[in-house]
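Chemist: My questions concern the predicted model and sequence given below.
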Amino acid sequence: MMASSRVPTSSYPQNLSARTALEGIRAQIQDLHTDNIAKLAVRAGALGDVIPLWYGEGDVVTPGFIRDAAKAALDAGSTFYIPNMRGATALNEALSQYQTALHGRSIPVERSTITPGGMQALFLALDMLVDVGTNVVYLEPQWPNIHHAIHVIGGEARPVALRFDGDWKLDLDALFARCDARTRAIFLSTPCNPTGWTATRDELQALLDFSRRTGIWIISDEVYGRLYFEGNVAPSMLQIADDEDRILSINSFSKAWAMTGWRVGWLTHPAGVAEQIGAMTQYTNSGTAAFAQAGAEAALRHGESFVAELKARTRRGLDLTYSALEPLDALMLPPKPKGGMYAFFALKREPDSKAACAHILETSRVGLSPGYLFGDASRSFLRMCVMRDENEIRKALDRMVAALG
C-alpha cells in the first residue's frame, strides 16, 4: 500500500485564524518603519508658505544634455534588457575612464557595477557580506537608511559616534575597539550626511591597514565626494586601495549631477567578486534601465562643468547660511563643513531636535530635518539643505534670524 503523503495537522501551527499577517513575516521586517519628517510635513501643509529645507535634494532639474541622451536612447528603442547585469558596455567604459582620471589610479571595467540608485549599491554590498549573527560597525551621525539596511539584511548595526568638541572628529581607537570576531564591515560616509565631516587620507589609510590586518571589509559611501570644497574630489578609498583589498565604494549620480529621481548609482568593488555581484544583480533587480544608463553615460562624459556649477551653488548657499547664523548666540554652529550639501547646527537651549524643528517651523515657516534621525550623537542638531536657490536661502535665513536672534 502506498504511504500517505498527508502531513498530520498537528505538525502545523495551531489557531492560524487568530494570527495577523504581520506575525507571519520576518522579525527584522515586523518592527521596520519609515522614520522621517512626516508629521512636520503635515504641519507645514497646514501652515502654508513654508520653505522646505529638510530634504537631501537640491532644486536644480537634471541638465538638458543628460535628459537629451536618455530621450535619444528611448527614441532609438533602448527599452530592452541589458544582457550584462553589471551595466551597459558604454557606461561601464565611461565609468572606468572617469574613476581612473578622478582618482589617479587604474580602476578597470571589472571593478564597477551599475545599480538602480546608490541605495541598491549599498544593499548589494551588505547582502554580499552580512549574515544573521554578524555585525556592521558604522560611524554616526549617519544617514538613517544605513542603520535600517543593516537591520533588514539581518545584521547587528553597531554605531560609533564621531567625537564632538566644537567640530566632528573621528576616534579611530574607539572605532576599532567596537569591532570583534563577528564584524563583517566598517561603514562610513565621507563627506558625511549630515555633518559634512570628511575623512583625511591618513584616516583612510588607517582604515585600510586595519582591514588588511583583520579581514574586515570597509564600505565607503562617497556619494558626496564631488561636493567637496577643498579640491576636485574628497579623499577616497579608491585612491589608495589595491584591486583585491576588501573595499567597497558606494556612489550615485543623484547629488553631483542632479539626478535624484533617475535612480542610477554604482558600486566599485574588487574584480574578484564581479561575477558574484553580477549574479546578485540578476536575482534582485535584473539591472538598470538602458535609457537611464544612457543619461548617466552623458553625465560622466560631458558633465564636469555642470558638477563645478552645482558645487559652486552649494558653496554659495553654505556661505550665505554661515554669514547669517554665525552671529546668533542662540545657535551652536560647528566650523563650516568641507563637503556635502548641509549646514548642521543646534539650538543651545533646546536639546530635543524634534522640538527645535517644530519651533522653527512655527516661528519661521522654515522646514529643517531633526538630528535624532541620524543617531544619538546628534539628537540636538538640525540639518538644513543649502543646495537651493539663493533667494530662497536668503528668505529662509531672514525668517530664522528674526525668530531666533
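Modeler: Great, that's in hand. Numbering: from 1, shown residues only.

Chemist: switch to C-alpha atoms for all contacts and neighbour counts from now on
Modeler: OK.

Chemist: Determine the set of other helices and strands touching the lowest-mean-pLDDT helix or strand in the chain.
Modeler: Least confident helix or strand, the chain: helix 38-47 with a mean of 74, by mean pLDDT, DSSP states H and E. Judged by 3 or more Cα pairs under 8 Å, 6 or more residues apart in numbering; DSSP states H and E, the packing partners of helix 38-47 are helix 353-364, strand 366-367.

Chemist: which residues are contacting that helix?
Modeler: 50, 358, 361, 362, 365, 367 (Cα atoms under 8 Å, 6 or more residues apart in numbering).

Chemist: Output these as CSV; include the columns neighbour count and distance to residue 201.
Modeler: Compiled in CSV, those are given as follows (neighbours: other Cα atoms under 10 Å; distance: Cα to Cα, whole Å):
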residue, neighbour count, distance to residue 201
50, 18, 40
358, 21, 39
361, 22, 39
362, 16, 43
365, 20, 41
367, 25, 35
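
Chemist: Can you point out the buried residues in stretch 351-365?
Modeler: In terms of neighbour count (16 or more other Cα atoms under 10 Å), stretch 351-365 has its buried residues at 352, 353, 354, 356, 357, 358, 359, 360, 361, 362, 364, 365.

Chemist: And stretch 161-176, by the same measure?
Modeler: By neighbour count on 16+ other Cα under 10 Å, the buried set for stretch 161-176 is 161, 162, 168, 170, 175.

Chemist: again with stretch 316-327
Modeler: By 16+ other Cα under 10 Å, the buried positions in stretch 316-327 come out as 316, 317, 318, 320, 321, 322, 325.

Chemist: Can you list which of these are found in helices?
Modeler: Mapping those onto helices (DSSP state H) picks out 316, 317, 318, 320, 321, 322, 325.

Chemist: was I right about the fifth one contacting residue 396?
Modeler: No: using Cα atoms under 8 Å, residue 321 is not in contact with residue 396; the gap is 9.4 Å.

Chemist: Give me the number of neighbouring residues for residue 391.
Modeler: By the criterion of other Cα atoms under 10 Å, residue 391 has 10 neighbours.

Chemist: do the same with residue 155
Modeler: Neighbourhood size, residue 155 [other Cα under 10 Å]: 25.

Chemist: Just the pLDDT for it.
Modeler: On the pLDDT scale, residue 155 is placed at 95.

Chemist: Ok, residue 15 next?
Modeler: pLDDT at residue 15 comes out at 62.

Chemist: repeat for the one 4 residues further on
Modeler: Residue 19 is assigned 76 on the pLDDT scale.

Chemist: which residues touch it?
Modeler: Not one residue lies near residue 19 by Cα under 8 Å, 6+ apart.

Chemist: Make residue 1 into 50 and carry on from there
Modeler: Shifting the count to begin at 50 puts that one at residue 68.

Chemist: circling back to that earlier point, between the contacts of helix 87-96, which is closest to residue 425?
Modeler: Using Cα to Cα, residue 407 is the member of those that lies nearest residue 425, at 18.8 Å.

Chemist: Once you drop chain neighbours, what's closest to the closest one?
Modeler: Nearest non-adjacent residue to residue 407, counting by Cα to Cα, 6 or more residues apart in numbering: residue 89, 7.0 Å away.

Chemist: ok, the one you found to residue 450 distance?
Modeler: Going from residue 89 to residue 450 by Cα to Cα, to the nearest Å gives 20 Å.

Chemist: All the strands of the stretch 250-399 of the chain, residue numbers only.
Modeler: 266-270, 296-301, 314-317, 380-381, 391-396 (DSSP state E, counting those that start in this stretch).

Chemist: Let me have those strands in TSV, adding mean pLDDT and mean neighbour count as columns.
Modeler: Formatted as TSV, the strands of the stretch 250-399 of the chain follow (pLDDT from 0 to 100; neighbours: other Cα atoms under 10 Å):
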stretch	mean pLDDT	mean neighbour count
strand 266-270	98	24
strand 296-301	98	25
strand 314-317	98	26
strand 380-381	94	18
strand 391-396	96	24
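
Chemist: can I get those in CSV with distance to residue 440?
Modeler: Formatted as CSV, the strands of the stretch 250-399 of the chain follow (distance: least, Cα to Cα, whole Å):
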stretch, distance to residue 440
strand 266-270, 31
strand 296-301, 28
strand 314-317, 31
strand 380-381, 22
strand 391-396, 17
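
Chemist: Nearest to residue 136, out of those?
Modeler: strand 314-317 (9.3 Å).

Chemist: chain center to the closest one: distance?
Modeler: Strand 314-317 sits 12 Å away from the centroid of its parent chain (Cα atoms, centre = their mean, to the nearest Å).

Chemist: ditto for stretch 361-369
Modeler: For stretch 361-369, the separation from the chain centroid amounts to 21 Å (computed by Cα atoms, centre = their mean).
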